[in-house]
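1. Sharing a model prediction with you, sequence too.
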Amino acid sequence: MTTLHLRGAAAERRTSRPPSPRRRRSWTGWGFIGPFVAVFALVFLAPLAYSVYLSLFRDQLIGGTTFVGLDNYQQALQDSQFWASLGRVSLFLAVQVPIMLGIALLVALALDSGRLYGKDFFRISVFLPYAVPAVVASLMWGFMYGTRFGLVGDINDALGVSLPDPLSPDLVLASIGNIVTWEFTGYNMLIFYSALRVIPHSLYEAAEIDGAGQLRVITAIKLPAIRGALVIATIFSIIGSFQLFNEPSILQNLARNSITTDFTPNLYTYSLSFAGRQQNYSATVAIVMGLITMVIAYAVQLRGMRKGA
Amino acid sequence: MPQNPRRLLRGIGLLCALALGATACGGSDDEGSDQKQVSSADIEAALKKGGKVKVWAWEPTLKKVVADFEKEHPAVDVELVNAGTNKDQYTALQNAISAKKGVPDVAQVEYYALSQYALTKSVTDLTPFGADKLASSYSPGPWNAVKSGDGVYGLPMDSGPMALFYNKKVFDKHKIKVPTTWDEYLQAARKLHKADPKAYITSDTGEAGLTTSLLWQAGSRPYKVDGTKVGIDFTDKGARAYTDTWQKLLDEKLVAPINPWTDEWYKAFGDGTIATLPSGAWMPANFASGVKEAAGDWRAAPLPQWTAGDKASAENGGSSLALPELGENKELAYAFVEYANSGKGVQTRISEGAFPATTKDLKSKAFQETEFAYFGGQKANKVFAESAANVADDWQYLPYQVYANSIFNDTAGKAYVSGTPLAEGLKSWQDASLKYGSEQGFSVQK
């Protein structure tokens, strides 16, 4: 049946060779992926291409729009405001992400251990903050951070202490880290937990027969098995840190002297574009930032995968 | 297609501005602008013919003005849209202008922001409509703000001659005299905070608008703008007087760190936490609606002086209505703006609580004799009208003040949350503003 069919198809192809079958075949393929390519080009490639196009120009109040080639890129590479904001989110990344993923992993392992009482309730309550929109979460925490009418202020009044202001310039980054940890621990926990759930139980049984304790099971079976999930969560967190925007943008209303308009790279591009009408330079900074994020995320992925292999 | 000639014209305007400076450009406006003189007969005809006018404004009193205007001119349909308050609206407006789409026919633009639109010719010069003839009917501060070179780029809607609003109950309770100079203000601040550690003379978390207004009053003229030449200097005598006094207030923690326009701020006015507020004459309506619990406690007084015996004042806030260049129905749009800001609309807006920019109304007996129930029956308009007359009219804002104000808290704001001296903060504001100026093609001088 199959050979017959194939032969028939081959014969058909042979007969229809003259009117260039190759091209016809490629067009049929395009017909199938056409809708996807059109949407992909429209929503992915076109904005990127437009940003690159924008980044080659400069629009001035005096002088209007001129083509400046790569001048904007040169400016971005020497822009101390941009590098300071990148440094800030890098610090955030280095401190907040390990803490958040560590807690998420701990909770996932605790849930997976099967020794927890009220497991479902615990899981949903850890996850719940993720369901709260970032804007609402920031507002809520912002009010708690208030030293005059907020929770911090109430604690100060009630206990007669004087806690440091969480929204002061020195502490505000840590305060934002706290909000982000609160928001995303549950999300990462769920990634880890679902990865843990697919580990075959036979492995645990085998480990038990070999006399492995819980700790040994974790280090020898569970962690290696969810390495992929760990790498993915790390990459998501790196991207999330570099794109930090909502939380500082909302808290800025409460602490405008602590959170500057160039606090994070995204906040910087936002204010360049909307307050400073420098769309071109803003596009440049966004592209540079995108490239940096890509490189770092890719490096982490390579490293994570190599270890896994 | 119709964009091309316009772009060309804008190019000519900019070239001309570059080559000659804005003042010399006035002469070329006739050929550079695609408008001819518009007579009142043209406007009458347009009003009869009717059409649609799209207005972007957040000023609440305009609602009634729009209704009255439509009643008077049934053929005209005015669509009043609140596209956000101040900088939110400027962002939307700037986006619409860049996209050349959805630009309103009339837009509310605050005085400090207008010169940016005038410079880029994004708003229409109203002299062909005869707006220049209205010069004498407005107080000098607002009129100076809508003028750029020989052009008039908007009609003043309201004004904000400054006054010191103070909580009389708090002052009486602690037997503090209402300060007439800023030195006395500092003394009052100390005395008040000592008597009640929870009370502050005022609140300030770093606000560009307040700082520039107080510099204006102190005689400082930090911004020197001449066409495309921009100079900034926050070290003149007036600026030093301001920073000296304000530094003491900050160092001694005599100003409350409460952000303006927040619930906490209004609450602090109500419960005596904040005892005074230097602000524009448009403030009473906000007191009446936001601080109801303290009705009768507050009064208005002339702004404290930097030199005893002076009568210096300044403007704080206030807006104009302008016609974006890309808007349509210019005749109808101008007719509406004139009605609202110079004609019958002014009275309507005054009765709704707005503070006018027209001298006739400022001087009118009915206006000056109005008793403010909120201020315990005080005829507060007398204080404001006197302040309006004492505003020095040679103040200039930067042609990109909106941006400059947006980075005030990045730079000068440091003085409010760390050990950075205010004068140093202003210096870094100056540097950052100049940097932006040169990036935007201005020739800057320090």
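-> That came in fine, so what should we check first? Just so you know, these numbers come straight off a predicted model, no measurement behind them. Residues are numbered from 1 along each chain as shown, chains lettered A, B, ... in the order given.

2. Which strands or helices does the longest helix along chain A pack on?
-> Taking DSSP state H as the criterion, chain A has its longest helix at helix A:80-112. Packed against helix A:80-112 by the contact rule (3 or more C-beta pairs under 8 Å, 6 or more residues apart in numbering or on different chains; DSSP states H and E) you find helix A:119-131, helix A:172-197, helix A:227-242, helix A:265-274, helix A:279-308. No exception for glycine: its C-beta is placed from N, CA and C like everyone else's.

3. Which residues belonging to it are considered buried?
-> Buried residues in helix A:80-112, counted by 16 or more other C-beta atoms under 10 Å in any protein chain shown: A:81-82, A:85-86, A:88-90, A:92-93, A:96-97, A:100-101, A:103-105, A:107-112.

4. coming back round to it: just so I know, which of the helices and strands packed on helix A:80-112 lies nearest B:Ala241?
-> Closest approach to B:Ala241 among the helices and strands packed on helix A:80-112 is made by helix A:265-274 (31.7 Å; C-beta to C-beta).

5. the domain parsing of chain B - what is it?
-> For chain B, automatic domain parsing gives the domain ranges B:1-34, B:36-159+B:317-357, B:162-314+B:373-445.

6. Relative to chain A, which of those is closest?
-> Closest approach to chain A among the domains of chain B (C-beta to the nearest C-beta): domain B:162-314+B:373-445, 3.3 Å.

7. Show me what the host helix or strand of B:Leu186 is packed against.
-> Assigned by DSSP states H and E, B:Leu186 falls within helix B:182-195. Applying 3+ C-beta pairs under 8 Å, 6+ apart, we find helix B:182-195 packed against helix B:237-251.

8. can you do 6 Å?
-> When contacts are defined as 3 or more C-beta pairs under 6 Å, 6 or more residues apart in numbering or on different chains; DSSP states H and E, helix B:182-195 packs onto no helix or strand at all.

9. Helix or strand next in line after that helix, which one?
-> strand B:202-203.

10. quick check, that next one touching chain A?
-> No: on the criterion C-beta under 6 Å from any C-beta of the partner chain, strand B:202-203 is out of touch with chain A, staying 10.7 Å away.

11. What pairs with that strand, parallel or antiparallel?
-> Strand B:202-203 has the following strand partners under DSSP bridges: strand B:255-256 (parallel).

12. if you average pLDDT over stretch A:262-273, what comes out?
-> Stretch A:262-273 shows a mean pLDDT of 94.

13. again, but for stretch B:221-231
-> 91.

14. what's the span of stretch B:229-241 from first residue to last?
-> Terminal residues of stretch B:229-241 lie 27 Å apart, using C-alpha to C-alpha, to the nearest Å.

15. That stretch vs chain A: in contact?
-> No: if you take C-beta under 6 Å from any C-beta as the test, stretch B:229-241 misses chain A, and the best it gets is 9.7 Å.

16. Check which residues of that stretch are buried.
-> By 16+ other C-beta under 10 Å, the buried positions in stretch B:229-241 come out as B:Val230, B:Gly231, B:Ile232, B:Asp233, B:Phe234, B:Gly238, B:Ala239, B:Ala241.

17. Excluding its own residues, what touches it? List them.
-> B:215, B:218-220, B:222-224, B:306, B:426, B:430, B:433-434, B:437, B:442-445 (C-beta atoms under 6 Å, 6 or more residues apart in numbering or on different chains).

18. Show me which residues of chain A are close to chain B?
-> Residues of chain A lying close to chain B by C-beta under 6 Å from any C-beta are A:60-64, A:149, A:169, A:256-257, A:260-261, A:274-277.

19. try 7 Å
-> A:60-64, A:148-149, A:168-169, A:254, A:256-258, A:260-262, A:271, A:274-277 (C-beta under 7 Å from any C-beta of the partner chain).

20. ok now do B:Tyr112, which residues does it touch?
-> Listed by C-beta atoms under 7 Å, 6 or more residues apart in numbering or on different chains, the contact set of B:Tyr112 reads B:Tyr397, B:Gln401.

21. in the chain, which helix or strand is least confident?
-> If you meant another chain, say so; for now it's chain A. Every helix and strand of chain A was ranked by mean pLDDT, DSSP states H and E. The lowest is helix A:2-15, at a mean of 46.

22. that's the other chain; I wanted chain B
-> The weakest-scoring helix or strand in chain B, judged by mean pLDDT, DSSP H and E, is helix B:22-25 (a mean of 36).

23. can you pull the contacts of the most centrally placed residue in chain B?
-> For chain B, the residue nearest the mean C-alpha position is B:Gly317 (2.6 Å; C-alpha atoms, centre = their mean). By C-beta under 7 Å, 6+ apart, the contact list for B:Gly317 reads B:Glu110, B:Gly160, B:Gly209, B:Gly280, B:Trp282.
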